[in-house]
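Peer 1: Return a 3D structure for these sequence lines:
(chains A, B, C and D)
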Protein chains: 2
Amino acid sequence: MPEPAPPPDEPDREDLRTRFLAAAEKLVRQHGPDGLSLRELARAFGSSTMAIYTLFGGKPGLMQALYAVGFARLHAYALSAEHRDAPLRWMVRQMLAYRRFAFDHTGLYRLMFGGEKRFIPTDRHSRFASLTAPVDNAYPAFAALIDAVGGCLAHHRETPPDPAEVQDLAFLVWGQMHGLVGLEIAGYADPAGALGRYRNAIRFICTHCGADAADVEAELNAAP
Amino acid sequence: MPEPAPPPDEPDREDLRTRFLAAAEKLVRQHGPDGLSLRELARAFGSSTMAIYTLFGGKPGLMQALYAVGFARLHAYALSAEHRDAPLRWMVRQMLAYRRFAFDHTGLYRLMFGGEKRFIPTDRHSRFASLTAPVDNAYPAFAALIDAVGGCLAHHRETPPDPAEVQDLAFLVWGQMHGLVGLEIAGYADPAGALGRYRNAIRFICTHCGADAADVEAELNAAP
DNA sequence: GCCAGTGCTATAACACTGTTATTGAGTCGA
DNA sequence: TCGACTCAATAACAGTGTTATAGCACTGGC
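Peer 2: Here you go, the predicted model:
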């Protein structure tokens, strides 16, 4: 088969994808993940809906692409908190960054964690025990969390921690962060005290990892 | 104005509402909270969509009613775990019941905590500090959590705990439960180890409340 | 220069959705 | 019995995702 098709990944085509995704992200930010309309997106972009079909294959494809954009954003937040030389600082700032991401990009956050399974890519293959594939290659944001938790745990112990224990604890930390943030986004938390309770959770978890309470307090006060 | 309207809350009318809600709950269970269609509901019920409009005022009204049904269900789960004479058992079983509810009624759970604000009734008036009104009168499920956490905390201390501290801790517990369950529902958790990690979180939190680790283990083993 | 071939987009149509105006059947009280 | 009223069924409207059709632009070979 001579494959007469021209290269489908020309640079302008990829550029079109990113520009469509940027416009879609803005609409998701405005109207929520369920309020995104292909027709409105095409209208805002000045084209027809067919362009979305050729670029993404349909609305699920667009949503999956937005999903990947969201995790890339979350990964950037995690990277901005990286302090491999100061594990406690690393962990505190990463937990704070997680909450910041959720409220900077609430639409994406709800899309990523709303539980609409059809948006999650299905080709998963993970070498982690407690976390499924989004951690592995596609979305390295959660690997950063594992590294931070593992570093914090190793720093306050004599023997290196068991990787399985690190993964389970990291998942617990993730669950605590996601739970508080999710309840707040859903409207169940008093907005006034929400940040304070989140900082309480950071104190709670970091001391459980072996950190000194005064050190955690200092890191919380020093965090931007 | 003589108000010639007949009493709008006849018993058969209320019965119709509950039967509609049961059918809607079944559809939400099958197709998720976003997959509920008024036309499909009316078809399954053997009537027209107009009945839904006269009974609930529209789709948001139907969703709000389903929302209330969900919290009533959650409250029933919490009540089934009540052990006011054994606070640790109470807390352990309530946390387990929360997870059980989420997976027995995943559709309702996603509706309740998916973050679609228009489904949450807006007339809130709460006397709680950290939790907004769903706790107060409309949805007593979270008051049960506060009672359990407060009872567990009081049982392992000499001085009665500060109500504000109890509320904040209960919100932390809620956040931990919701986070783990939410991540699992969204598909991020390895299903095999999910229950084990949830039980780990119960150990984690109960010992933080002052309970003995061996007692927590015994309660976990004794729980149904 | 022309011509097939190919990829992409706009247009129009289809099957849905929630919502509403209209109409007709039924019921209750005077 | 008759008017008033409630309520549900029908049909229509605006919106959605998706698909078939057709036309445009652009390439490669002659």
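
Peer 1: Relative to DNA strand D, how far out is the nearest residue in space to residue A:199 that is not next to it in sequence?
Peer 2: Of all residues not flanking residue A:199 in the chain, residue A:220 sits nearest, at 5.8 Å (Cβ to Cβ, 6 or more residues apart in numbering or on different chains). For glycine as for every other residue, the C-beta is placed from the backbone atoms N, C-alpha and C. To DNA strand D, residue A:220 is 43 Å away according to Cβ to the nearest atom of the strand, to the nearest Å.

Peer 1: Residue A:220 is in contact with residue A:203, isn't it?
Peer 2: Yes - with contact defined as Cβ atoms under 8 Å, residue A:220 counts as touching residue A:203 (7.3 Å).

Peer 1: can you give me the helices in chain A?
Peer 2: Taking DSSP state H as the test, the helices found in chain A are A:11-31, A:38-45, A:49-56, A:59-80, A:87-104, A:106-113, A:141-155, A:163-186, A:191-208, A:213-222.

Peer 1: which ones are touching residue A:23?
Peer 2: Contact analysis of residue A:23 by Cβ atoms under 8 Å, 6 or more residues apart in numbering or on different chains lists A:41, A:44-45.

Peer 1: Residues of chain A that sit close to chain B?
Peer 2: Contact residues (Cβ under 8 Å from any Cβ of the partner chain) of chain A with chain B: A:32, A:34, A:110, A:112-117, A:120, A:128-132, A:134, A:168, A:171-172, A:174-180, A:182-183, A:185-190, A:193, A:197, A:200-201, A:204, A:208.

Peer 1: Mark which of the residues you listed are buried, thanks.
Peer 2: A:32, A:34, A:110, A:112-116, A:120, A:128, A:130-132, A:134, A:168, A:171-172, A:174-180, A:182-183, A:185-190, A:193, A:197, A:200-201, A:204 (16 or more other Cβ atoms under 10 Å in any protein chain shown).

Peer 1: circling back: now the helices of chain A in CSV, with distance to DNA strand C and mean pLDDT?
Peer 2: Shown next, in CSV, are these (distance: least, Cβ to the nearest atom of the strand, whole Å; pLDDT from 0 to 100):
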stretch, distance to DNA strand C, mean pLDDT
helix A:11-31, 6, 90
helix A:38-45, 7, 95
helix A:49-56, 3, 94
helix A:59-80, 13, 92
helix A:87-104, 28, 97
helix A:106-113, 20, 95
helix A:141-155, 31, 92
helix A:163-186, 21, 95
helix A:191-208, 27, 95
helix A:213-222, 45, 97
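
Peer 1: how about those in JSON lines, adding distance to residue B:58?
Peer 2: Converted to JSON lines, the helices of chain A look like this (distance: least, Cβ to Cβ, whole Å):
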{"stretch": "helix A:11-31", "distance to residue B:58": "19"}
{"stretch": "helix A:38-45", "distance to residue B:58": "22"}
{"stretch": "helix A:49-56", "distance to residue B:58": "28"}
{"stretch": "helix A:59-80", "distance to residue B:58": "25"}
{"stretch": "helix A:87-104", "distance to residue B:58": "30"}
{"stretch": "helix A:106-113", "distance to residue B:58": "23"}
{"stretch": "helix A:141-155", "distance to residue B:58": "39"}
{"stretch": "helix A:163-186", "distance to residue B:58": "22"}
{"stretch": "helix A:191-208", "distance to residue B:58": "28"}
{"stretch": "helix A:213-222", "distance to residue B:58": "46"}
